[in-house]
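J.: I would like the atomic coordinates for the input below:
(chains A and B)
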Amino acid sequence: MFLNELTKLSGVSGCEFEVRNYIKSKLSEMGCQFYVDKLGNIIAHNKGKKNKTIMVSAHMDEVGLIVTNIDSDGFIKFKAVGGIDQRVLNSKVVLIGENNIPGVIGSKAVHLMTEKEKGVSLPIDKLYIDIGTSTKEETEKLVNIGDYAAFKSDYVEFGDNMIKAKALDNRVGCSIILEILKEKLDVDFYGVFTVMEEVGLRGAETAAYQLEPDLAIVLEGTVCADMPEVEEHENSTLIGKGAVLSLMDNATVYDIDLVRRVAKIAEDNNIAYQYRRSTSGANDAGVIHKTKKGAKVVSISVPCRYIHSSVSVASKNDLMSALKLTKQVIIENQKGE
Amino acid sequence: MLKEFLFDICSNQFVSGFEHINGDILIKYFKPYTDSFEKDRLGSYIFKSSGSKDTKIMLAAHIDEIGLMITGILDGGFLSFITVGGFNPASLIAQDVTIFGKEKIFGVIGIKPPHLTSEEERKKPLKTRELYIDTGYTKEKLEKLITIGDIATINREPLSLQGSVISAKAFDDRACVAVMLETAKELKKISHKSNVYFTATAQEETGLRGAKTSSYKIAPDIGIVLDVGFGKTPDMPSDSALLGKGPIVAYGGRLNTKLTKKFVEICKKYNYPMQYEAIPVRTGTDTDALQISRDGIPCILLSIPLRYMHTSVETIDLKDLEITGKAIARFINELDNSDLEEILCF
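T.: Predicted coordinates for the structure are as follows:
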């Protein structure tokens, strides 16, 4: 499995080089043809039987932080890169810059808080990273304004076939593409690893422009909120209940015939699937389906609890379902209509 | 060596009331520098280094840490919990934890993702009872592994930051247990005449309980209480204590003024850096229990500056531990050659 290694890498949007280098080395090992485009997307080509151009894409980037200032005592101020809930930053370890300098985001001692302050998560502009230095000069030797910071969080397998890691959104997608490329199937498709999805679907736009796909399969780690404190109608997806098919989100109304055909493929092949019962969020499909004259797009996702935090959780069973379904959709589509 | 001790001990749980489970780790580290060992009935660990005089000096640093206790096993493999000791619920969000059930169970405390929450919801204060631990098991399986009353702690691998600054959970107050270890080591070198009791007290976080029983058992002539203090961060007053500048010496009614002054005098004589604080009423440390134990124990209180107290990223400077440990050894050595009765007499 590539996922374990993929989730150990830092790849905050705009700074995906660790992930890109890892994927490039894996593609080279497999002997898969690829190139890196002007934005930093990796476009890999699996050559085989072809009757249409298929693009299978997943974004390499993850949400994280960017250094905005260093104060006189050496503490580091930052902004969020992508959608980060201020509440998940309290008491965390982060790695900063290309040298992965460790730092902590703390919070005031509970003893010094008023009743009103307890339980309240401070806005990001009130937080700072501590790397153990005591002056601005000391910090400046190690960290620069503009450096990216990513969560430090181990990959852990736990419970019944569950995984906890950071950046499961969207290293799950990256790992699925790598797994399928590794199989060297006799079907033609492009495996695309995009940059900067979390900050506005930037990489997917130029990648799709280059490939002009007839069909794009967008792989994602998606919102799953099936916890006790959430009402059932707000769950969006359920963990362990299979690959997720999107119907509509903030950027795409998915081609309903295509969605139903993919659902039929899942049923015919005994692959667990579910519909995404929420319109919140968006993914690379939003720009891919509008490229040039337009493209048919389907989104296949893995449910991720606590997405966009350092402790996202996914089920290995769902990952397998998404992998099998993606592969089957590619195969069926290259057979011809 | 202090770092090795701390990283080892902070990788184990000592939740208040459950200190006995891993307490024997302490024996391994203290045994080479002390002569005997006993426990009080609450689970405090007392290591004695014998001297030729009758004087008894008690050092106290609490070994317990704040933690979580399981209160319910819910559908979908979730657990409800309460806190043991004082947590800011905000510091529990997006943490992974270990539940000490029939076996160690991994769990995650997560919250609803930003995609499904409003700006308003994110600003709302969160209560512990609104949080759950996700174990990834079914309820049926979980019921076989976990019993109500089991404890849990946040997982945090101790981390080296720049220089001698380190970060982990439970440096409150194991940083000071490390100080005691440093003192024990140092006293072995410079010798002492008093009987010195290195006491890793139990249940400080839930109400200074081990300090009460262990000090009763020891019946010391004086107490040197060690705890952590608030280190300066951007959201703290500008006169807060700094990391790396030595222990914070406390003045106030809970402390014996003459003994405190003696400590300060000796630190100055031997060039150990210090910082000061004035605490008018309760100190919130074992001092509050020690002072009124038996017929009263004159105490001094030294605090190690620490940032982000009661979070899983408590941050300290190892330099402060060494300075404090050595200063205390020197203090004991000088007391041995002074008239303690005169110092303590009003």
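J.: Now do A:Val120 against chain B, distance only.
T.: Going from A:Val120 to chain B by Cβ to the nearest Cβ, to the nearest Å gives 5 Å. (C-beta placed from N, C-alpha, C; glycine too.)
J.: So what does that residue have for phi and psi?
T.: phi -90, psi 130 (degrees, to the nearest 10).
J.: What of A:Ile76?
T.: Per degrees, to the nearest 10, the backbone of A:Ile76 is at phi -110, psi 120.
J.: can you tell me which residues contact it?
T.: A:67, A:69-70, A:96, A:103, A:128-131, A:139, A:143 (Cβ atoms under 8 Å, 6 or more residues apart in numbering or on different chains).
J.: how does the chain divide into domains?
T.: Since no chain was named, I'll use chain A. Domain segmentation of chain A under automatic domain parsing yields A:3-62+A:166-335, A:64-151.
J.: meant chain B actually
T.: If you go by automatic domain parsing, chain B breaks into B:2-65+B:169-344, B:67-154.
J.: can you put these in CSV and add mean neighbour count and mean pLDDT?
T.: Shown next, in CSV, are these (neighbours: other Cβ atoms under 10 Å in any protein chain shown; pLDDT from 0 to 100):
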stretch, mean neighbour count, mean pLDDT
domain B:2-65+B:169-344, 21, 96
domain B:67-154, 19, 95
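J.: Can you say which of those is nearest to chain A?
T.: domain B:67-154 (1.9 Å; Cβ to the nearest Cβ).
J.: helix, strand or coil for the closest residue to B:Pro113 other than its chain neighbours?
T.: Leaving aside its chain neighbours, B:Pro113 sits nearest to A:Ile307 (4.8 Å; criterion: Cβ to Cβ, 6 or more residues apart in numbering or on different chains). Classification of A:Ile307 using DSSP: H, G, I helix; E, B strand; the rest coil returns coil.
J.: wait, A:Ile307 sits on A:Lys166?
T.: No: counting by Cβ atoms under 8 Å, A:Ile307 does not reach A:Lys166; the two are 10.4 Å apart.
J.: For these two, indicate the residue with more neighbours.
T.: Ranked by neighbour count (other Cβ atoms under 10 Å in any protein chain shown), A:Ile307 and A:Lys166 place A:Ile307 first, with 29 against 26.
J.: quick one: pLDDT of that one?
T.: pLDDT recorded at A:Ile307 is 96.
J.: tell me the phi and psi of it?
T.: phi -60, psi 150.
J.: A:Pro102 and B:Val165, how far apart?
T.: When distance is defined by Cβ to Cβ, to the nearest Å, A:Pro102 is 10 Å away from B:Val165.
J.: Ignore what I typed, I meant A:Lys292.
T.: Remark: distance between A:Lys292 and B:Val165 (Cβ to Cβ) = 54 Å.
J.: Neighbour count for those two, which is higher?
T.: Set A:Lys292 next to B:Val165 and count neighbours by other Cβ under 10 Å: B:Val165 wins out with 22 against 9.
J.: wait, doesn't the more buried one sit right on B:Asp317?
T.: Yes: with contact defined as Cβ under 8 Å, B:Val165 counts as touching B:Asp317 (5.1 Å).
J.: Which neighbours do those two have in common?
T.: Going by Cβ under 8 Å, 6+ apart, residues that sit against B:Val165 and also against B:Asp317 are A:132, B:243-244.
J.: Mind jotting down where the helices sit in the stretch 201-337 of chain A?
T.: Assigned by DSSP state H, counting those that start in this stretch, the helices in the stretch 201-337 of chain A fall at A:202-211, A:256-268, A:285-288, A:316-335.
J.: from the chain's centre, how far out does the first one sit?
T.: The gap between where helix A:202-211 is centred and where its chain is centred comes out at 17 Å by Cα atoms, centre = their mean, to the nearest Å.
J.: residues touching B:Gly72, list them.
T.: Neighbouring residues of B:Gly72 by Cβ under 8 Å, 6+ apart: B:79-80, B:148.
J.: sorry, back to before: which one (most neighbours) among the contacts of A:Ile76?
T.: Highest neighbour count within those, by other Cβ under 10 Å: A:Gly103, with 33 neighbours.
J.: ok now do it, which residues does it touch?
T.: With contact set as Cβ under 8 Å, 6+ apart, A:Gly103 has these partners: A:76, A:93-96, A:129-132, A:149, B:161.
J.: what's the answer for B:Asn195, then?
T.: B:48-51, B:53-57.
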